[in-house]
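>>> got a predicted model here, sequence first, then my questions.
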Amino acid sequence: MGNQQEPEAECTETDLGQSRAHSARMYDYYLGGKTNYAVDRQAAEEVVHAFPAIETVARVNRAYMHRAMRFLAGEGVRQFIDVGTGIPTAPNVHQVVQEVAPDCRVVYVDNDPIVLVYADSLLSGTPQGRTVYVDGDASRPADVLTAVKAEGIVNFDRPIALSLHALLHFVTDAQDPYELVNVFMDALPAGSFLSLTHCTGDFAPDAWQAVADAYARQGTSVRVRSRTEVERFFDGLILEKPGVAVGHRWRPEAASGPSLVSDAQASLYVGVARKP
């Protein structure tokens, strides 16, 4: 992840925020992506200095997403809403689930202009399925739901999988993240699922305080939460085994062999739960 050219924007009239670091582009940098700017790389390196395993956290998050989405598609879910999509990184949700069931429908939701610029790569799904991108702010779930319904590709009378991956640690207590999740889940029918990932300071509290401070200097609030606090997001839902777990411990794939990642390096709680 050394020197690299700035990503080209497809629309010069859109403010892509190149003058300030953005969490989605910093995450792209952690994953070794190229859709980020110098300001993002500088901010990301400050976080890496505070917590060198942050790149591992990003990889654990991505690997969990792949396993969780395959699991849900295998359980018969054919409709997915991915809120806080971020910079497209293959394989994306639609590629994962449509490999299991080509007729899956996926709605991506984000409000980062650069995600919109690169959204075409999110829409190349199978002929049998559908994929669409919706410009929406996760902190206003009612508006997001209205926008998703307007697209008409998701039937809210049938089970839907909602994914909130690496999102809620950017929602402060003052923004009431639990109510945010409740608004989303209340709108989904019985048999729907929630898949969630959330950074935690349980294993390295001092390092994660330094991470939060680094993000705060860029104007982004980070609120890591304990296992008990993360479990609360699933209140009223039925957790799938193994319940809330550290990311690399959630249904690890036997073919990948034993994980060399420690809980402290992963620093990420994950879980999938069904709405009864």
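Looks like it arrived, so ask away. If you're wondering where the values come from, they're calculated on a predicted model, not measured in any experiment.
>>> going by C-alpha atoms from here, please, whenever you check contacts or count neighbours.
OK.
>>> low-confidence ranges in the stretch 101-250 of the chain?
118-122 (pLDDT under 70).
>>> which parts of it are strands?
105-110, 130-135, 161-164, 193-199, 238-239, 245-246 (DSSP state E, counting those that start in this stretch).
>>> of all those, which one comes closest to residue 261?
Residue 261 sits nearest to strand 245-246 of all these, at 10.5 Å, using Cα to Cα.
>>> average model confidence for the longest helix seen in the chain?
In the chain, ranked by residue count with DSSP state H as the criterion, the top helix is helix 54-74. The pLDDT scores in helix 54-74 average 97.
>>> what are the buried residues along that helix?
By 16 or more other Cα atoms under 10 Å, the buried positions in helix 54-74 come out as 54-62, 64-73.
>>> just list what the helix or strand following it packs against, helices and strands only.
Sequence-wise, the next helix or strand downstream of helix 54-74 (DSSP states H and E) is strand 79-83. Applying 3 or more Cα pairs under 8 Å, 6 or more residues apart in numbering; DSSP states H and E, one finds that strand 79-83 contacts strand 105-110, strand 161-164.
>>> what does the longest one contact?
Same thing as strand 105-110. Around strand 105-110, the neighbours that count as contacts under Cα atoms under 8 Å, 6 or more residues apart in numbering are 78-86, 93-94, 122, 129-138, 144, 148, 153-154.
>>> the same query, at a cut-off of 7 Å, please.
Identification of contacts with strand 105-110 by Cα atoms under 7 Å, 6 or more residues apart in numbering yields 78-86, 94, 129-137.
>>> stretch 235-252 too?
Stretch 235-252 has contacts (Cα under 7 Å, 6+ apart) with 60-61, 64, 231, 263, 266-276.
>>> quick check, residue 233 in contact with residue 177.
No. Counting by Cα atoms under 7 Å, residue 233 stays clear of residue 177, with 8.3 Å between them.
>>> so what's the most centrally placed residue in the chain closest to, chain neighbours aside?
The centroid of the chain falls nearest to residue 165 when counting by Cα atoms, centre = their mean (2.6 Å). Ranked by Cα to Cα, 6 or more residues apart in numbering and with sequence neighbours excluded, the top spatial neighbour of residue 165 is residue 197, at 4.7 Å.
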